[in-house]
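Student: what follows is a predicted structure for the sequence shown.
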Amino acid sequence: MRALVWHGKEDIRCDTVSDPQIEDDRDAIIKVTSCAICGSDLHLFHNLIPAMLPGDIMGHESMGEVVEVGAAAKATLKKGERVVIPFTIQCGECEQCQRGNFSLCQRTNRKGNLGDKAFGHRTAGLFGYTHLTGGYPGGQAEFLRVPFADTTHIKVPDSIDDEKLLFLSDILPTGWQAAVQADIQPGDTVAVWGCGPVGQMTIRSAILLGAEQVIAIDHLPERLSMAAAAGAVTINFETESVIERLNELTSGEGPHKCIDAVGSESHVNMGQPDTLLDRAKQMVMLENDRPHVLREMIYACRPGGVISIIGVYTGLVDKIPMGQAMNKGVTFRMAQAHVPRWTDDLLRRIEDDQIDPSFVITHKVDLSDGPEMYRTFRDKADSCIKVMLKP
């Protein structure tokens, strides 16, 4: 089969690799009908996350048709069924899964000893990601083996196009969780840093959850335009002071809720000295991430407010103003998305036309064009916001 394969830093190739096989009774094989490139994939593309190996298959946003089912999965999954595959692999039985914390599943990380060393305690296995999270082959391929398939799937109706359903795998529930864990209340002002695909879903989720005012912060015109189309007030951080504008929009009080949809790679801005320092420290391996957004959120947030972090961080960050956060009584909430916790509700909202996630797709190409689209997505060229791949 064809698959997008990691060969090293900024080296993704469309290779011919072996078809996946059933390895366990709980496995299934799906024929991938659609997949996508995620912002988290760029962290791997840039080699910012350790424990990637040449030959690893990329991708954690995929859907398709079930073509083979292991004996233990046949009670819940059948050949021919149409499914979206969550990026988190969940057993459905451990304590964390029983609590709905599916991205913290205690059993699916097949290389959990690495996760234990890196994080203190292992987290769930993920598709197409680092060996710290299991090293499972990803879904940017013609076929995908789904371990724990009896619980790791979302059945979807045949009557809805892939474009509307694919993002149930990651960015829609991720954006939704970002808004939910911010505990949005009537009358709240919610500020969202980052208007990439997850940020766009977060903005729409915050509006659906009843935020009175949503403020979107970015610098790319096409992203800001997309956020404005959803009803957000926009701030271009390259031409405006974020802090001054947030104070203007909140009568000097600051946002009630601040959401980080950027994570480890805050934009390097000549007008923000801390971003230059972070980049320099990152280059000499004194710091993993560039956390300018996190610092700015702590400073901007209204006392007693909530900071919700859904952008991915990879390791150590520096110069975090914990004194400000503590004295202002700020609450932090963060996690990888617990995808199945939200998908029943989100699928219903798609069916009811409350949200159509396909709005974020700007490029739809053949899988073989994937390596070039990684570079286009990285460079934000050709107004690229979200890439959908067709194997």
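Tutor: Okay, I see it.

Student: what distance separates the start and the end of stretch 356-375?
Tutor: 27 Å (C-alpha to C-alpha, to the nearest Å).

Student: what's the answer for stretch 43-52, then?
Tutor: 11 Å.

Student: average pLDDT for it?
Tutor: Stretch 43-52 carries an average pLDDT of 92.

Student: walk me through the domains of the chain.
Tutor: Here the domain parsing of the chain from automatic domain parsing is 2-170+337-390, 175-334.

Student: check the offset of the shortest one from the chain's centre.
Tutor: Taking C-alpha atoms, centre = their mean, to the nearest Å, the mean C-alpha location of domain 175-334 is offset from the chain mean by 15 Å.

Student: now do the first one
Tutor: Computed by C-alpha atoms, centre = their mean, the separation of domain 2-170+337-390 from the middle of its chain amounts to 11 Å.

Student: next, the buried residues of the helix or strand that contains S205.
Tutor: When elements are assigned from DSSP states H and E, S205 belongs to helix 197-208. Residues 197-207 are the ones in helix 197-208 that count as buried (16 or more other C-beta atoms under 10 Å). Every C-beta, even on glycine, is put in place using the N, C-alpha and C of the backbone.

Student: with stretch 173-192 instead?
Tutor: So stretch 173-192, judged by 16+ other C-beta under 10 Å, has buried residues 173-182, 184, 188-192.

Student: could you tell me the end-to-end distance of it?
Tutor: 16 Å.

Student: return the distance of that stretch from the chain's centre.
Tutor: Computed by C-alpha atoms, centre = their mean, the chain-centroid distance of stretch 173-192 equals 16 Å.

Student: what about it, average pLDDT?
Tutor: On average, stretch 173-192 scores 97.

Student: now stretch 1-10: mean pLDDT?
Tutor: Mean per-residue pLDDT for stretch 1-10: 97.

Student: list the buried ones in it?
Tutor: Buried residues in stretch 1-10, counted by 16+ other C-beta under 10 Å: 1-6.

Student: which one of the residues you listed is nearest to P371?
Tutor: Among the buried residues of stretch 1-10, L4 lies closest to P371 (C-beta to C-beta), at 6.9 Å.

Student: who touches T376 in this structure?
Tutor: Applying C-beta atoms under 8 Å, 6 or more residues apart in numbering to T376 gives the contacts 363, 382, 384, 387.

Student: for those residues, give me TSV that also has distance to D161 and secondary structure.
Tutor: Below are these laid out as TSV (distance: C-beta to C-beta, whole Å; DSSP: H, G, I helix; E, B strand; the rest coil):
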residue	distance to D161	secondary structure
H363	17	strand
D382	23	helix
C384	21	coil
V387	17	strand
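
Student: for those, which one is nearest M52?
Tutor: The closest of those, once distances to M52 are taken by C-beta to C-beta, is V387, at 20.0 Å.

Student: would you mind measuring from the closest one to L346?
Tutor: According to C-beta to C-beta, to the nearest Å, V387 stands 21 Å off from L346.

Student: repeat that for L172.
Tutor: In terms of C-beta to C-beta, L172 sits 6 Å off from L346.

Student: now swap in R245 and tell me
Tutor: 31 Å.

Student: the two: who's more crowded?
Tutor: Taking neighbours as other C-beta atoms under 10 Å, R245 and L346 compare with L346 leading, 23 against 19.

Student: need the contact partners of the host helix or strand of that one.
Tutor: For L346, the host element (DSSP H and E) is helix 340-351. Outside of helix 340-351, the residues within contact range by C-beta under 8 Å, 6+ apart are 84, 86, 88, 90, 100, 102, 151, 154, 156-157, 160, 164-165, 168, 172-173, 176-177, 180, 208, 355-357.

Student: quick one, which of the residues you listed are buried?
Tutor: Using 16+ other C-beta under 10 Å, the buried ones in these are 84, 86, 88, 90, 102, 151, 154, 156, 164-165, 168, 172-173, 176-177, 180, 355, 357.

Student: show me those that map onto helices.
Tutor: 164-165, 172-173, 176-177, 180 (DSSP state H).

Student: redo those residues as a markdown table? Include distance to P291.
Tutor: Below are these laid out as a markdown table (distance: C-beta to C-beta, whole Å):
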| residue | distance to P291 |
| --- | --- |
| K164 | 34 |
| L165 | 34 |
| L172 | 25 |
| P173 | 24 |
| W176 | 24 |
| Q177 | 20 |
| V180 | 23 |
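
Student: between those, which sits nearest G271?
Tutor: Q177 (31.8 Å).

Student: next up, the contacts around the closest one.
Tutor: Going by C-beta under 8 Å, 6+ apart, the list of residues near Q177 reads 310, 335, 337-338, 341-342.

Student: over to P50?
Tutor: 118, 130, 132.

Student: which one among the residues you listed gets closest to R145?
Tutor: T130 (17.9 Å).
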